[in-house]
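[1] The sequence isn't on hand, but the structure is:
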């Protein structure tokens, strides 16, 4: 850093100050670059800055101008500091006593009022959008109850025209399917407390989650004892990822979901199919799998239906994901949406020992043999 | 807080405000305590009438009994004042007498609280029974602990006075402990009013 | 202290410690300087531990689907990182500065209650050790430093019980310290030092102590409720019995937001002292800075729910807290302009303390601006609980508070140790640290804005977050290099013999520089009488008020004011509080009680007994030993 060895402290200091100035400028440039890059991480697939629905769009439109205002303030203030630092740095051979300025009341009042004005301007649309997002849903909105469990999401369609052909409500897990262009009104409920187990590590608990699909809407917490709401709509068909945003225990990082947005025609077909119960398989292996699923496992290893439900069958458990249409194309992921249903290896591994793939998973290891696993996989994936 | 009293007794180096540092510290401590009880009382009020199972306040409270023990505690404020007055007159005998009386009244109150807790417990109200049990025991229990600490300080003061180990200005520690004692009494007035006297307003389900 | 009519030693079997030097004297000291040093050293050790935790976190997140840590380990480590940095580093390091400097800067011989001071320190260190003992007793706390119920109350591991108990102990330490230091500032100032002649550092200290005194009781209640829920199955935060988990959040953030200012205001105070020294100018708008500090203190209690915008408190509450959050940005921003005004037209000497101070301002500006974007409630629905917030808090608390603390360390090192840290190494450290810092935390803005949630132990490659995470990890390790450079610098400096060429190496302004380096036990041979802000400066230079120029005072002409003369010198006849082991005894009861709460009532009784013995020994012992 010190290239020369000029005699005396002052000389060294002045060289150093030159370096300081260069470094400061370089550094400021780097900072500005970073901030500008903030907007562009082109391969990010879960970015609220690439909105795909009205709510996220409104939130982005509020953020962006505020962000650029902040950047402007940043440039002015940091630039000012750097300029002052460079211009008034102690220089060689200039031993001076600076003027003793104790303050300037007018100036100080000025720089109190100025930021206040900027903030006041910013807060007007802020308050407007706060109230707008809390508005009542449109009469034709689709109502879905979102249920947060440790550590996966369930979705129950509560509208009357979504009633199923069997005696239970239409429920899916991991992937929320909605039509494009229509307003969706989510009611958020913390669930859990349903698995009671002697082993406290295997019991699930009602805790706080937060429901967030960045490209569609900002997050709202899922609080036990309260019901929060999210109002959103999606512009285009597609798959949008989301995840729990409030720390909720061991596998908070793996509590994900997808929102699959369908076109009007696909939506109608999907609803029609979902209203049916789980179909009995025709394939012999899958039939064997169904038998395994519906009856207690041998040697007292427990039963799938204690926790899982399959509509239209005897399986009526409510503590774990509803598997009625586990094999449907829209149900693309499982177990907190961390693995694709199409990934047979992942499905096998999960059935073999859920804890090995997702530490702390509430589904126990049922000591399933590979034959049993094959049969169960065949059955579950047959549930289109 | 007897320890504080000796840290910097009156008359020691002149302070900026002219007030003894111990007194300032005691006021600041009590202000801080206000927020402690404030948060506890807030919790109680927030959960008032929200228990989903009994027993409810009306099932267990014996207002007459608690009124008497409240009166006992309030009376101890009077004896505390008399103790301070005696200390200021350097009448050590009377000071000890009134301090003892204060401590005894405080002990009576705490004893009454222990009896009350036991009775409620036998009537089926445990600390984890419902929100009422939870908030009631914790709030009044915290206060009871404060009274107990106060009694211990009063008795220590009496003991130190007997052993002739009080500073030359005996009224000072008495005044400091008195401040604490009056604070604890005042807090009880608030707690008694809110917990016992104001009805829950919500009929048990 | 003739006012006590008892034998000094008490004669109860244990002889009163008298040694002022040597190993054991550290256990019995009541000297604010020694206690300040112990605060500094022990909190720096915790800083290293918390830093190692941070490096582990960054190692885990350096690649998608990282396998350095599993979910369980990660949750413990991020929780302990937060707890350590906040409660065991920044708060006690600030306490170290306050302890060491407040008496010196206000011209006092010690704090108002030296033994309570010792008690605070021992309670802090024992609380910290108690918290860390959880690692060997079933697992560290794993519910986040914010400990949201009911996750924190239902978690089956023992960690969060340690959390509640450990924070209660350190809370007792901070409460006692707050009362002590507030009274010291109010009541122990040198003659002539009105409140508006105290340094800004003292003002910020006063505000912080009041914030502590009024916010700690609230978290104390919250922690007790949490503890009762975990240990005795009460229903405070149990939704299945009607309890409301949001109550915990209110209690926590009613403490937690003032806490943010508790962490940052000491650094503001430090750089408000340093910038004038290295600009050779008085602080621009002293009263403005003071009043903005005070108003931050007040408004700081009215913004807590901006941590809870996504909780669903309703549009009325969200609007109100959005507005109050915008308002608190104003007094915070004002200080920035005042510091700039101080530097403007100054004679700026960029020694290491000044570099760190300017770094503090520049980094805090970034954190402050991202903070303002949180007040934009609907857009905060997108940002809250993402890495954008992680970036924000680190710009404020690391770039702000910790850079400020480093500025203070370099500035007061000669004062405290009589040796000067190597300037060249210090400057290198600064540049490595600030580059590393921005590499570590700048990308977190990008990550958060692109949908990376905080507190997740891993992320899939499909989210496109890998590159910036890697940059961040590189930055974190660069910070570690800077901290290593600091440690090397310290070790090499402390090996040199004590002694400064110039006992006033920075041409300082405040009266702590009027005594020797390091100061004698009694601080000042003669307590100076104060005539103005920056008393020491005005004894060195005379200001021409018409032109605003400075003229150095002729050597020997008027270094001291006439009314200072004529009393005792050399510290003769000054009574200082004597060492005592009772604060340590009393404080050591606290963790014993806490272990008892975890394991057995008998142990609780034993701990309470130890505390009682401690307090009785304390009460019966005069503060100054006779003889």
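    It's in. Everything numeric here is computed off the predicted structure, so don't read it as measured data. Residues are numbered from 1 along each chain as shown, chains lettered A, B, ... in the order given.
[2] buried sites along stretch B:40-53?
    Residues of stretch B:40-53 classed as buried by neighbour count (16 or more other C-beta atoms under 10 Å in any protein chain shown): B:40, B:41, B:42, B:43, B:44, B:47, B:48, B:49, B:50, B:51. Just so you know, the C-beta spots here come from the backbone N, C-alpha and C atoms, and that holds for glycine as well.
[3] CSV please, covering those and showing secondary structure, pLDDT and distance to chain A.
    Converted to CSV, the buried residues of stretch B:40-53 look like this (DSSP: H, G, I helix; E, B strand; the rest coil; pLDDT from 0 to 100; distance: C-beta to the nearest C-beta, whole Å):
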residue, secondary structure, pLDDT, distance to chain A
B:40, helix, 97, 21
B:41, helix, 97, 22
B:42, helix, 96, 18
B:43, helix, 96, 15
B:44, helix, 96, 18
B:47, coil, 94, 12
B:48, coil, 91, 16
B:49, coil, 88, 15
B:50, coil, 90, 10
B:51, coil, 91, 14
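[4] Pull the contacting residues for the residue lying closest to residue A:123 once chain neighbours are set aside.
    Closest residue to residue A:123 apart from its sequence neighbours, by C-beta to C-beta, 6 or more residues apart in numbering or on different chains: residue C:326 at 5.5 Å. If you count contacts by C-beta atoms under 8 Å, 6 or more residues apart in numbering or on different chains, residue C:326 has them with A:119, A:120, A:122, A:123, C:372, C:375.
[5] Just give me the neighbour total for the third one.
    When you say that, I think you mean residue A:122. Neighbourhood size, residue A:122 [other C-beta atoms under 10 Å in any protein chain shown]: 20.
[6] quick one, what contacts residue C:180?
    Residue C:180 sits in contact with B:25, C:111, C:112, C:113, C:116, C:117, C:120, where contact means C-beta under 8 Å, 6+ apart.
[7] Could you tell me which ranges of chain C sit under the pLDDT cut-off?
    Across chain C, the ranges flagged by pLDDT under 70 are C:1-15, C:554-574, C:625-627.
[8] pLDDT score for residue B:4?
    Per-residue pLDDT puts residue B:4 at 36.
[9] So which residues of the stretch 101-250 of chain A form strands?
    Ranges of strands in the stretch 101-250 of chain A, per DSSP state E, counting those that start in this stretch, are A:142-149, A:152-157, A:170-173, A:175-179, A:184-190, A:209-213, A:217-222, A:228-232, A:238-244.
[10] how near is whatever residue of chain A ends up closest to chain C to residue C:379?
    Nearest residue of chain A to chain C: residue A:218, at 2.6 Å (C-beta to the nearest C-beta). Applying C-beta to C-beta, to the nearest Å, the value for residue A:218 to residue C:379 is 7 Å.
[11] how far does stretch A:47-57 stretch from start to finish?
    12 Å (C-alpha to C-alpha, to the nearest Å).
[12] Residue C:66: how many residues sit nearby?
    As a burial measure, residue C:66 scores 18 neighbours (other C-beta under 10 Å).
[13] So it, which state does it fall into?
    Classification of residue C:66 by DSSP: H, G, I helix; E, B strand; the rest coil places it in coil.
[14] For the closest residue to it other than its chain neighbours, pull up the helix or strand it's in.
    Once flanking residues are discounted, residue C:66 sits nearest to residue C:60: 4.4 Å by C-beta to C-beta, 6+ apart. If you go by DSSP states H and E, residue C:60 is part of helix C:32-61.
[15] just the helices in chain A please.
    Per DSSP state H, chain A carries helices over the ranges A:9-37, A:54-87, A:105-133, A:264-274, A:284-294, A:344-352, A:354-357, A:370-382.
[16] What of the stretch 201-350 of chain C?
    C:245-279, C:286-299, C:315-343 (DSSP state H, counting those that start in this stretch).
[17] Enumerate the positions of the last one that are buried.
    When you say that, I think you mean helix C:315-343. C:315, C:318-343.
[18] Ok, the second one next?
    Counting neighbours by 16+ other C-beta under 10 Å, one finds that the buried residues in helix C:286-299 are C:286, C:288, C:289, C:290, C:292, C:293, C:294, C:295, C:296, C:297, C:299.
[19] can you tell if that helix touches chain B?
    No. Figure legend: helix C:286-299 not in contact with chain B (C-beta under 8 Å from any C-beta of the partner chain); closest approach 14.2 Å.
[20] which residues are contacting that helix?
    So helix C:286-299 is contacted by A:102-103, A:105, A:108, C:196, C:200, C:203-204, C:207, C:210-211, C:258, C:261, C:265, C:268-269, C:272, C:283, C:324, C:327-328, C:331-332, C:334-335, C:338, C:533 (C-beta under 8 Å, 6+ apart).
[21] tally of neighbours for residue 132?
    In the absence of a named chain, chain A is used. So residue A:132, with other C-beta under 10 Å, has 14 neighbours.
[22] wrong chain, I was asking about chain C
    Around residue C:132 there are 18 residues (other C-beta under 10 Å).
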